[in-house]
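Novice: The sequence and its predicted three-dimensional model are supplied below.
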Amino acid sequence: MPLHREKTSTGLDANVAAALSYLVGFITGVLFLVIEKDNRFVRFHAMQSTVVFLAIVGIDILLQIVPILGALVVVFLVIPASAVLWLVLMYKAYQGEEFSLPVVGPFAAERIS
């Protein structure tokens, strides 16, 4: 698997830019979607980051509506699971892998083509 060390329009190596697209969730995902126009690898990870972390925020908001139980699910399940997912996605992107999550990955790939 190539490490995607080619430069991007940001001046960063593609693997670094892809990993950074996950750094602050959907915020850096959107940022890299806006500034990176050419590199498909970076755009894929930026779109996947945007979709995944917007979904997590949405789930968090919906669960917070349910008193006590919702908050417990968020604290003990959503936050730890999303933290692990965040680290895995950053690591895979940095390794140069176009790691595609089920449902979200194909959706992201379609949107950047």
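Specialist: The structure has been received and is ready for your questions.
Novice: got the buried residues for the helix or strand bottoming out on mean pLDDT in the chain?
Specialist: Using mean pLDDT, DSSP states H and E, helix 69-73 stands out as the lowest-scoring helix or strand of the chain, at a mean of 93. By 16 or more other Cβ atoms under 10 Å, the buried positions in helix 69-73 come out as 70, 73. Any C-beta I mention is one placed from the backbone N, CA and C, and that applies to glycine too.
Novice: and V51, what element?
Specialist: Assessed by DSSP states H and E, V51 sits inside helix 40-65.
Novice: counting contacts, what elements does that helix pack onto?
Specialist: Packed against helix 40-65 by the contact rule (3 or more Cβ pairs under 8 Å, 6 or more residues apart in numbering; DSSP states H and E) you find helix 14-20, helix 26-35, helix 69-73, helix 79-94, helix 104-112.
Novice: who's in contact with the residue nearest to the spatial centre of the chain?
Specialist: Nearest to the mean C-alpha position of the chain, by Cα atoms, centre = their mean, lies S49 at 1.9 Å. For S49, the contact set (Cβ atoms under 8 Å, 6 or more residues apart in numbering) comprises 21-22, 25-26, 28-29, 32, 89.
Novice: Perfect, I'm done here.
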